[in-house]
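Asks: Okay, here's the prediction I keep looking at, along with the sequence it came from:
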Amino acid sequence: MPKVFNWQIGRDMDYLYDGARPKKQFGMVMDLNKCIACQTCTIACKTTWTSGRGQEYQFWNNVESKPYGYYPLGWDVRILEKLGVQPISAGPYQGKTIFEAAPEGERVLGYRPEDMDYTSPNVGEDDSTGGIINEGGAYLQMPHMQWMFYLPRICNHCTYPACLGACPRQSVYKRPEDGIVLIDQTRCRGYRECVKGCPYKKPFFNALNRTSEKCVGCYPAVEVGQQTRCTIGCIGKIRLQGFINTPDKAREDNPLDYIVHIAKVARPLFPQLGLEPNVYYIPPMHVPSWFLKQMFGATVDQAVNVYRRAAEDKKLLGALMLFGATKEISHHYKVDGDIVTGYTESGDEIIRVPMHEPIITRAVFDEKLQAYRSNIT
Ligand code: SF4
Ligand code: SF4
């Protein structure tokens, strides 16, 4: 197998094809401390892309609760179990990726979910890891003894996509102009090898047209400089979508580069699987590090610590203020005094956001209107 360099695991690894990075790479950051599981993103995606026949069970964007929620059922625990216990430590990853652990005669280590696994999205929703009321104030500790959090997921538009590697007809391709991964519907014969190969289970089989379908990264929007529907619609303003460079080419004025490579506050999901996914997560602060390490890599504690001190880094705070601020993609940004400004690729200003909002405390009793007020902080 050809060798490619995967910066997320810090070493060369086996992949099905020679590595060829796109000119630009689609990327997204999601702040898991802010998601409220309102599912607006899910519906924004569903009404835009998957309202057709045969797509009823397809959620290109889904939001599940961790640790017990999944879609499809058990997707992460099943691939982790198949991969087996692997060493995870800071520095280059010593374990096997799903390409290196592929069984003899197969291209990728994977499994195909049963139809039943798709029947209950959000099963286990809002279950915490244990009782709270009778545990003597467990919820007052940090990290919480009992915990849960919401995990929104889309296709990661991976640098080394397992869906692409697994497809025997080469129907899956990665666009050189923006790194978005698509399935060529005219070539696809519905073998479902992409469904089996993708560890994140983001390609879905359409039983009516007999082809596989997946998140298209809202490419028609991205092509005209707009962020994806799930990003624009996000009520919690947890998402920022744009383009990301490799660490050696990170640009200080690119908000995604700053968040991921310079501040190092966001991490990819299951980097040890070896796909170099391009969706990054700011880990939830209240969750124990032993759980976060398996999900986001050995150095996740660092990310949590940086997030706690985000207010001390004006450039980081500025990048975080761009979340949910505009529908356009901020290719560049600048922090000047108390204002963060986002710019298009060609340098036109698209958004200005104040870094701090004024706090106004009103008098409890309004003489003019003869009314009592309550202040909420
Ligand atoms: S997340 Fe899955 S479907 Fe998306 S590019 Fe990666 S391997 Fe392919
Ligand atoms: S719209 Fe935003 S806050 Fe709501 S579930 Fe989706 S990611 Fe979470």
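Replies: Noted; the coordinates are in hand. Ligands and ions are numbered 1, 2, ... in the order given.
Asks: Pro67 touches Leu151, doesn't it?
Replies: No - between Pro67 and Leu151 there is no contact under C-beta atoms under 8 Å: 9.6 Å. To be clear about C-beta, it is placed using only N, CA and C from the backbone, and glycine gets the same treatment.
Asks: which of those two has more neighbours?
Replies: The neighbour count for Pro67 versus Leu151, taken as other C-beta atoms under 10 Å, is higher for Leu151 (22 against 18).
Asks: and that one, that one's in a strand?
Replies: Yes - the assignment for Leu151 (DSSP: H, G, I helix; E, B strand; the rest coil) places it in a strand.
Asks: in the stretch 251-377 of the chain, what residue is nearest ligand 2?
Replies: Gly324 (8.5 Å; C-beta to the nearest ligand atom).
Asks: per-residue confidence at that residue?
Replies: Looking at Gly324, its pLDDT stands at 97.
Asks: Now the spatially most central residue of the chain: phi and psi?
Replies: Residue closest to the mean C-alpha point of the chain, counted by C-alpha atoms, centre = their mean, is Val279 at 3.8 Å. Phi and psi for Val279, reported as degrees, to the nearest 10, are phi -110, psi 130.
Asks: same question, Asp248
Replies: Taking degrees, to the nearest 10 as the convention, Asp248 sits at phi -70, psi -20.
Asks: and if you look at Phe243?
Replies: Phi and psi for Phe243, reported as degrees, to the nearest 10, are phi -130, psi 150.
Asks: remind me which residues of the stretch 51-200 of the chain are low pLDDT?
Replies: Along the stretch 51-200 of the chain, the model assigns pLDDT under 70 to residues 132-145.
Asks: near ligand 2, which residues of it?
Replies: Residues of the stretch 51-200 of the chain lying close to ligand 2 (C-beta under 6 Å from any ligand atom) are Val63, Tyr150, Pro152.
Asks: buried residues in stretch 42-51?
Replies: Counting neighbours by 16 or more other C-beta atoms under 10 Å, one finds that the buried residues in stretch 42-51 are Thr42, Ala44, Cys45, Lys46, Thr48, Trp49, Thr50.
Asks: which among those gets closest to ligand 2?
Replies: The nearest one, if we look at these relative to ligand 2 and count by C-beta to the nearest ligand atom, is Thr42, at 6.6 Å.
Asks: interface residues of this structure facing ligand 1?
Replies: For the chain, the residues in contact with ligand 1 (C-beta under 6 Å from any ligand atom) are 155-158, 161-163, 181, 198, 200, 202-203, 214, 275.
Asks: just the buried members of these?
Replies: Among those, those classed as buried by 16+ other C-beta under 10 Å are 155-158, 161-163, 181, 198, 200, 202-203, 214, 275.
Asks: Just the ones of those residues in strands?
Replies: If you go by DSSP state E, these have Val181, Pro203, Lys214 in strands.
Asks: and the buried residues of stretch 42-51 as TSV, adding pLDDT?
Replies: Listed next are the buried residues of stretch 42-51 as TSV, based on pLDDT from 0 to 100:
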residue	pLDDT
Thr42	98
Ala44	98
Cys45	98
Lys46	98
Thr48	98
Trp49	98
Thr50	98
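Asks: follow-up on the earlier one: now for the residues of the chain next to ligand 1: which two are most distant?
Replies: Between any two of the residues of the chain next to ligand 1, the greatest separation by C-beta to C-beta is 13.9 Å, found for Lys214 and Leu275.
Asks: what's the closest residue to ligand 2 within the stretch 51-200 of the chain in contact with, if anything?
Replies: Nearest residue of the stretch 51-200 of the chain to ligand 2 (C-beta to the nearest ligand atom) works out as Pro152 at 3.9 Å. For Pro152, the contacting residues are Met30, Cys35, Cys41, Asn61, Asn62, Val63, Cys230, Ile238, Arg239, by C-beta atoms under 8 Å, 6 or more residues apart in numbering.
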